[in-house]
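A.B. asks: From the sequence below, what's the structure:
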Amino acid sequence: MESSRRAVEAYRRTRLIDGVTTDDDKVAPVYKLDEISSVLRSAPHDVVHEMVEYVFKRLEHKSPLVKQKTLRFIKFEVGKSGIEFKREIQRQSAAIRQLFHYQGQPDSLRGDSLNKAVRETAREAITAMFASD
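C.D. replies: From the prediction side, this is the model:
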């Protein structure tokens, strides 16, 4: 019974992250970001680690919109979610640094602007991750 409850909670947490990293032009609602922040602040280390792993899976998505939203999410959460999340994200900063040179497929309407936005947001996220409070 305990394992099924943990699985349901893990699924709920991944759905929260999916909700703010969707593949559309809409901005992630701040109330969802704040909800994730409160979960991360109160969660034990293994749950935070699990959520960080899922965030990095979202960074592997082929859509530049999802990549950019995930990077914005990281940038927001390192300032609000507490030190545990920030440390976990910093440990895997190499994956974000690789996005400094991201070259995806150009969009038929927007050209390379989406890919450029990913590169710029990656730099902003790294700056936020290693900023001293």
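
A.B. asks: following the top helix by length along the chain, which helix or strand shows up next?
C.D. replies: Using DSSP state H to define each element, the chain has its longest helix at helix 2-20. The element immediately downstream of helix 2-20 (helix or strand, assigned by DSSP states H and E) is helix 30-42.

A.B. asks: got the angle for that following helix vs helix 2-20?
C.D. replies: 140 degrees (axes from the mean of the first three to the mean of the last three CA atoms, to 10 degrees).

A.B. asks: helices or strands up against the helix or strand following helix 30-42?
C.D. replies: Following helix 30-42 in sequence order, the next helix or strand is helix 45-59 (DSSP H and E). Counting contacts by 3 or more CB pairs under 8 Å, 6 or more residues apart in numbering; DSSP states H and E, helix 45-59 packs against helix 2-20, helix 30-42, helix 64-80, helix 83-91, helix 93-97. Placement of C-beta: from N, CA and C, glycine included.
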